[in-house]
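Build the 3D model from these lines:
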Amino acid sequence: MKKQDLEITGLEKQLWNAMRKDLYRVAPLPPEAIKFVGPRRKTLRALEIWGKNRALLGREEIFTLEALNKMDVDRLSQDAGIPHKELDELMSMVIRELLLMRELEETK
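This next block holds a predicted model:
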């Protein structure tokens, strides 16, 4: 990580501990015990593809993960002109995200 990223992460951890203390009245965690999790690079790339093609996908009434999961990649690529490779990346993300959502639902 870059020096600036490390500094920002350190400040975020301090803020997290301050919120824990204020909201829950618990002892602070050691900085190494605090982990931040964000979307993977593949997910960010898929979201970029979705954003770029949002209007075209909207014309096909594709607004949700479920709708994306049902899209016909070959037809959509041909009809809308979205590169097949990009739709494959988008579909791959959709499958991962839906799987995670289903696993989360099963734990409830």
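
okay, the spatially most central residue of the chain: pLDDT?
Nearest to the mean C-alpha position of the chain, counting by Cα atoms, centre = their mean, stands residue 39 at 4.2 Å. On pLDDT, residue 39 comes in at 86.

That one contacts residue 45, doesn't it?
No. Residue 39 is not in contact with residue 45 according to Cβ atoms under 8 Å; the separation is 9.7 Å. From N, CA and C alone the C-beta is placed, and that goes for glycine too.

Tell me where the model's unsure across this protein.
1 (pLDDT under 70).

again, only this time at 90
Within the chain, the segments meeting pLDDT under 90 span 1-2, 5, 36-40, 104, 107-108.

can you give me the helices for it?
Along the chain, the stretches classed as helices by DSSP state H are 3-24, 41-52, 54-59, 65-70, 73-80, 84-107.

closest one to residue 30 among those?
helix 3-24 (9.3 Å; Cβ to Cβ).

So what touches the closest one?
1, 26-29, 31, 34, 36 (Cβ atoms under 8 Å, 6 or more residues apart in numbering).

try stretch 32-49
9, 12-13, 16-17, 86-87, 89-90, 92-94, 96-97.

Pull the most distant pair out of these.
Maximum pairwise distance among those (Cβ to Cβ): 43.2 Å, between 17 and 87.

How is the chain divided into domains?
3-33, 41-107 (automatic domain parsing).

next one: the shortest one to chain centre, how far?
The chain centroid and the centroid of domain 3-33 are separated by 23 Å under Cα atoms, centre = their mean, to the nearest Å.

one step back: which one of the domains of the chain is the most hemmed in?
domain 41-107 (a mean of 14; mean count of other Cβ atoms under 10 Å).

Quick one: end-to-end distance for that domain.
26 Å (Cα to Cα, to the nearest Å).

Please compute how far it lies from its chain's middle.
The answer for domain 41-107 is 12 Å, by Cα atoms, centre = their mean.

Please apply the same query to stretch 28-42.
Worked out by Cα atoms, centre = their mean, stretch 28-42 lies 15 Å from the chain centre.

so how far does that stretch reach from one end to the other?
First-to-last residue span, stretch 28-42, Cα to Cα: 33 Å.
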